[in-house]
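[1] Please work out how this folds:
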Amino acid sequence: MKIVRSDSRRGIQYAASVIKSGGVVVFPTETVYGMGADAFNPAACRRIFRIKGRPSNNPLIVHVASVSWVGLLARDIPCAASVLMKRFWPGPLTLVLKKRKEVSCAVTGGLDTVAVRMPSSRAALDFIKAAGVPIAAPSANVSGRVSPVAHADVVDDFSARPKRGPSPDVLIAGGRSRRGMESTIVDLSRRRPAILRHGSITAEAVADALGISAEELLRRRLAAGAVEAPGMLKAHYRPRIPLVVFSTAAAMKKNLLAGRFPYPHKAVFVISPSKMTAVFRRAGFAAEGFRGSAELSRNLYYLLRKAAKSRARVIAAPLLAGAGLARAVNDRLRRAASEITLG
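    Reported below is the predicted structural model:
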């Protein structure tokens, strides 16, 4: 895997040439690092699935460099899509639309819809424009593991696999992702808009743009096991050591400090509200704090990876109260958890 810098014009042009020749390129975005291929090259897109070990029914997001490119991918662009693109693009919002026949099932996971987004990262936009084609890309991690927020995370993932398998051809190194969590996904392929995945843009913000209530966006109930968009697998974002999620920060504090946890203190990495961090450290735990849901949404993947590299044998973290970004954080914690305890 060749590494080039995002601020190198020559490096970006080289990565674009790899895309044009059917290759796979890892690139930075404002959310997480993506692993991309030409969205109109089914063979290249199937390579992404092999490299990641990704289930073939888990669709990819297609990244575009301009709103005008959406018509190459979608056959029906409703007014709601135009409203959301105007409000949130470029940015961390993905729209699910009815696909054109030119878009391969290798991209859509066999669905008749396509997920499209225009990133705000300058490096991502420069790369996509240089490639001259929409880029189909999931996160650039081994499937099921924590999403990468820095190029070193990608290197770690693919060098740490027990069995050395295929790797991406190029990695564009562009520093740490500013948002640190995947995009929000809104389904506009049906009569009523619905949020399929919570992310950096809240349900309340999307609802405000559409002139509806957040409850209307969250009303749809999905069939058990249904995968209508990326990030919907039950087990996902998992660190290399177990993660135990508590119902509240207070419950976590009570159980850990009372010794009701089957690990010695020094073996537990605690992710806690900042006001509790000192208490956990004094008790012998490794602990990192956060000040609210916005900070944790930016740093969750960074902290999960940091914990897995530490001497800890298990991670403890609480679910967050409230709506907004707390929904996105809680979604990731639930899918990443080895165990969720109400105690």
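[2] Regarding the closest residue to A312 other than its chain neighbours, which helix or strand does it belong to?
    Distances taken as CB to CB, 6 or more residues apart in numbering place F269 nearest to A312, at 3.7 Å, with adjacent residues excluded. For every residue, glycine as well, the C-beta is placed using N, CA and C. Using DSSP states H and E, F269 sits within strand 268-273.
[3] Tell me how far the residue nearest to A312 lies from A251.
    18 Å (CB to CB, to the nearest Å).
[4] just for the stretch 101-250 of the chain, where's the confidence low?
    160-164, 221-226 (pLDDT under 70).
[5] which residues of it fall in strands?
    113-117, 135-137, 170-173, 184-187, 194-197, 243-246 (DSSP state E, counting those that start in this stretch).
[6] Looking only at residue counts, what's the top helix in the chain?
    Counting by DSSP state H, the longest helix found in the chain is helix 293-309.
[7] helix or strand right after that one?
    strand 314-318.
[8] What residues sit buried inside the helix or strand just after that next one?
    Downstream of strand 314-318, the next assigned helix or strand under DSSP H and E is helix 325-336. Of all the residues in helix 325-336, those buried under the rule 16 or more other CB atoms under 10 Å are 325-333, 335-336.
[9] same check, this time on stretch 153-169
    153-158, 167-169.
[10] ditto for stretch 302-318
    302-308, 312, 314-318.
[11] what do you get for stretch 274-281?
    Neighbour count says stretch 274-281 has 276-277, 280-281 buried, by 16+ other CB under 10 Å.
[12] which one of the buried residues of helix 325-336 sits closest to A229?
    Nearest to A229 among the buried residues of helix 325-336 is D331, at 12.4 Å by CB to CB.
[13] in terms of contact, does the closest one touch H198 like I think?
    Yes: with contacts counted by CB atoms under 8 Å, D331 reaches H198, the gap being 5.0 Å.
[14] which residues are contacting stretch 35-48?
    Stretch 35-48 has contacts (CB atoms under 8 Å, 6 or more residues apart in numbering) with 19-20, 22-27, 51-52, 54, 60, 62-63, 73, 102-107, 131, 133-140, 166, 168.
[15] so what pLDDT did the residue in the chain sticking out farthest from the centre get?
    Largest separation from the mean C-alpha position in the chain: A258, at 34.9 Å (CA atoms, centre = their mean). On the pLDDT scale, A258 is placed at 91.
[16] mind checking how far it is from A326?
    26 Å.
[17] Quickly find the element holding V96.
    strand 93-99.
[18] Partner strands of that strand, with direction?
    strand 74-76 (antiparallel), strand 113-117 (antiparallel), strand 184-187 (parallel) (DSSP bridges).
[19] So which residues of this protein form helices?
    Listed in chain order, the helices of the chain (DSSP H) span residues 9-20, 42-52, 79-88, 105-108, 122-131, 151-159, 203-210, 214-217, 249-257, 274-282, 293-309, 325-336.
[20] rewinding a little: to S213, which of the strands paired with strand 93-99 lies closest?
    strand 184-187 (14.4 Å).
[21] Quick one: distance of that closest one to the chain centre.
    In terms of CA atoms, centre = their mean, to the nearest Å, the centre of strand 184-187 is found 12 Å from the chain centre.
[22] And for the residue nearest to A312, the neighbour number?
    27 (other CB atoms under 10 Å).
[23] wait, doesn't it sit right on R305?
    No: in this structure, F269 is not within contact of R305 by CB under 8 Å, at 11.0 Å.
[24] For P230, see how far away the spatially most central residue of the chain is.
    Residue closest to the average C-alpha location in the chain (CA atoms, centre = their mean): E182, at 3.2 Å. Distance of E182 to P230, computed by CB to CB: 8 Å.
[25] Could you name every residue contacting both of those two?
    R197.
[26] can you pull the pLDDT of S56?
    For S56, the pLDDT comes out at 89.
[27] From E30, how far off is the residue nearest to it when sequence neighbours are not counted?
    Computed as CB to CB, 6+ apart, the closest residue to S56 that is not its neighbour in sequence is F49, at 5.9 Å. F49 sits 24 Å away from E30, going by CB to CB.
[28] now swap in A115 and tell me
    17 Å.
[29] excluding its backbone neighbours, what's nearest P318?
    Closest to P318 by CB to CB, 6+ apart is A249, at 4.1 Å.
[30] Quick one: neighbours of that neighbour, just the number.
    Neighbours of A249 using other CB under 10 Å come to 19.
[31] Of all the strands paired with strand 93-99, which one comes closest to W89?
    Of these, nearest to W89 by CB to CB is strand 113-117, at 7.7 Å.
[32] Not counting its own residues, what contacts that closest one?
    59-64, 70, 73-74, 89, 92-100, 103, 107-108, 134, 183, 185, 187, 189, 228-230.
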